[in-house]
Each structure stands twice: as structure tokens, then as C-alpha cells.
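**Student:** Next input, structure requested:
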Amino acid sequence: MILGTILDLYSLVIVGAVIVSWIELPPNHPVVQLVRALTEPALVPIRRMLPSMGGLDLSPMVLLIGLQFLRRLFML
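**Tutor:** Okay, the predicted model is just below:
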């Protein structure tokens with residue numbers, strides 16, 4: 001139950017990171033710094049594994065799919 005809630009909250013943070021990237025806030029904005037501090041450690045390794053997509057970053061989607069997989073795996 002608690003793990004599911006944590007995974008759901010982290011998924012919301014990832015969605016927030018995507019939205020923040022669309023808004024293009026300055027890098028020194030506190031929201032940007034918080035979201036990056038929470039998401040970049042998980043997204044950087046995924047970006048290294050994914051092929052270049054011409055500027056399209058699919059790493060948040062891969063991470064969200066992975067989190068949903070973990071949630072289903074541990075919630076059985």
C-alpha cells in the first residue's frame with residue numbers, strides 16, 4: 001500500500017518534470033531545481049540507453065512504464 005503510494009507520487013513528479021520542460025522555466029527556478037533533483041538520477045541512465053530520437057526525450061515515458069511495471073509486480 002505504502003509502496004504503491006510512493007510510486008504514484010513519483011509518477012506525478014515525473015509528469016511534473018515533463019510539464020516544467022514544456023513551460024521552459026529558468027534553470028535556477030526553485031521548482032525546476034526540485035523536479036530535476038528528484039527525477040534526473042533516474043532519467044540519466046535511461047537516456048544513456050535510449051538511441052537519439054532527434055531531440056525527443058522518451059526517458060520519462062520509459063520511466064513511467066517501468067514504475068507501473070514495478071507497481072503491478074509488488075501489488076500482486
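
**Student:** ok, and the closest non-adjacent residue to the residue nearest the centre of the chain?
**Tutor:** Residue closest to the average C-alpha location in the chain (Cα atoms, centre = their mean): Ile14, at 3.3 Å. Distance criterion Cβ to Cβ, 6 or more residues apart in numbering; nearest residue to Ile14, sequence neighbours excluded, is Pro60 at 5.2 Å. Glycine gets a C-beta too; all of them are placed from N, C-alpha and C.

**Student:** Mind telling me what element the one you found is part of?
**Tutor:** Here Pro60 sits within helix 59-74, counting by DSSP states H and E.

**Student:** Neighbours of the residue nearest to Phe74 when sequence neighbours are not counted, how many?
**Tutor:** Closest residue to Phe74 apart from its sequence neighbours, by Cβ to Cβ, 6+ apart: Leu3 at 5.6 Å. If you count neighbours by other Cβ atoms under 10 Å, Leu3 ends up with 11.

**Student:** got the contact list for Leu3?
**Tutor:** Arg71, Phe74, Met75 (Cβ atoms under 8 Å, 6 or more residues apart in numbering).

**Student:** most surrounded residue in these?
**Tutor:** Arg71 (16 neighbours).

**Student:** Next, the buried residues of the lengthiest helix in the chain.
**Tutor:** Longest helix of the chain, by residue count under DSSP state H: helix 2-23. Within helix 2-23, the residues that count as buried by 16 or more other Cβ atoms under 10 Å are Leu7, Tyr10, Ser11, Ile14, Ala17, Val20.

**Student:** Same check on stretch 54-63?
**Tutor:** Going by neighbour count (16+ other Cβ under 10 Å), the buried part of stretch 54-63 is Ser59, Pro60, Val62, Leu63.

**Student:** Of the buried residues of helix 2-23, which is the nearest to Ser52?
**Tutor:** Nearest to Ser52 among these is Ala17, at 19.9 Å by Cβ to Cβ.
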